[in-house]
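Asker: Compute the structure for the input listed below.
(2 chains)
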Amino acid sequence: GQNIDQPTEMTATEGAIVQINCTYQTSGFNGLFWYQQHAGEAPTFLSYNVLDGLEEKGRFSSFLSRSKGYSYLLLKELQMKDSASYLCAVRDRTGGFKTIFGAGTRLFVKA
Amino acid sequence: EPEVTQTPSHQVTQMGQEVILRCVPISNHLYFYWYRQILGQKVEFLVSFYNNEISEKSEIFDDQFSVERPDGSNFTLKIRSTKLEDSAMYFCASSPTAGATNEKLFFGSGTQLSVL
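Answerer: As a prediction, the model looks like this:
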């Protein structure tokens, strides 16, 4: 089976940097995704890692260590609009391909 | 930018009734999915669909659920006899492929199902 753990909530200040951690266990790892979800809306894609290391995309970066089953999402220069849930998701190729989501981390950005 | 469209945006039904949730995936995508999200909980995988058949389904996707691609554009989720616990936001998603690297999911805006 799969298991994805991430903190439930985090609070950070506008302009600051925040790191959201994710640990996972899966038998058929085929990539790790981060999605952003605002309340009442659909998830939207932020980043993807399949190899170890850091992927940078503007204010957002994501890191993966496959041997540790660990990823983080780094958000820089936080803006109020970044207040949302951040979902760590793992694609699993066991028995076909599906993407499994963690419970999400609710980020509150304060002024 | 192409998008996944879902109808209706809200559906209210009585317990025991059948509902059909509709989705139009992005036209050149090959893999289709249904997810659900109960209020305050995580996005849960229900089913994936490829080449006109179910590719994988979760334990949630029991005999009361079915999916269909009735024509070249629509993808539907049918819930045969709704229960109170089926109340959730149902998201349809599609992807160009499933096994290639960085194939993200494109989500529709969801159908909020309320079972009374």
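
Asker: Show the contacting residues for the closest residue to A:Glu77 other than its chain neighbours.
Answerer: Of all residues not flanking A:Glu77 in the chain, A:Arg59 sits nearest, at 5.4 Å (Cβ to Cβ, 6 or more residues apart in numbering or on different chains). The way it works is simple: take the backbone N, C-alpha and C, and place the C-beta from them, glycine included. Applying Cβ atoms under 8 Å, 6 or more residues apart in numbering or on different chains to A:Arg59 gives the contacts A:75-77.

Asker: what's the answer for B:Glu85, then?
Answerer: B:Val115.

Asker: For it, grab phi and psi.
Answerer: In terms of degrees, to the nearest 10, the main-chain angles of B:Glu85 are phi -70, psi 0.

Asker: ok, now how distant is it from chain A?
Answerer: The span separating B:Glu85 from chain A equals 18 Å under the rule Cβ to the nearest Cβ, to the nearest Å.

Asker: Please apply the same query to B:Pro70.
Answerer: B:Pro70 sits at a distance of 22 Å from chain A (criterion: Cβ to the nearest Cβ).

Asker: Any idea how many residues pack against that residue?
Answerer: Number of residues near B:Pro70 (other Cβ atoms under 10 Å in any protein chain shown) recorded here: 9.

Asker: how about the nearest residue to it, chain neighbours excluded?
Answerer: Distances taken as Cβ to Cβ, 6+ apart place B:Thr76 nearest to B:Pro70, at 6.6 Å, with adjacent residues excluded.

Asker: Pairing partners for the helix or strand encompassing that neighbour, with directions?
Answerer: Element membership of B:Thr76 [criterion: DSSP states H and E] is strand B:75-79. Using DSSP bridges, the strands paired with strand B:75-79 in its sheet are strand B:19-24 (antiparallel), strand B:65-68 (antiparallel).

Asker: Extract the C-alpha set from that strand and format it as PDB.
Answerer: Listed next in PDB are the C-alpha coordinates belonging to strand B:75-79 (Å, rounded to 0.1, in the frame of the first residue of the first chain):
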ATOM      1  CA  PHE B  75     -16.500  10.400 -19.300                       C
ATOM      2  CA  THR B  76     -19.100   9.700 -16.600                       C
ATOM      3  CA  LEU B  77     -19.300   8.500 -13.100                       C
ATOM      4  CA  LYS B  78     -22.500   6.800 -12.000                       C
ATOM      5  CA  ILE B  79     -23.400   6.200  -8.400                       C
END
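
Asker: For the very next helix or strand once past that strand, enumerate the helices and strands it packs against.
Answerer: Sequence-wise, the next helix or strand downstream of strand B:75-79 (DSSP H and E) is strand B:88-95. Packed against strand B:88-95, as judged by 3 or more Cβ pairs under 8 Å, 6 or more residues apart in numbering or on different chains; DSSP states H and E, are the following elements: strand B:5-7, strand B:19-24, strand B:31-37, strand B:75-79, strand B:106-107, strand B:111-115.

Asker: rerun that using 10 Å as the cut-off
Answerer: Counting contacts by 3 or more Cβ pairs under 10 Å, 6 or more residues apart in numbering or on different chains; DSSP states H and E, strand B:88-95 packs against strand B:5-7, strand B:19-24, strand B:31-37, strand B:44-50, strand B:75-79, strand B:106-107, strand B:111-115.
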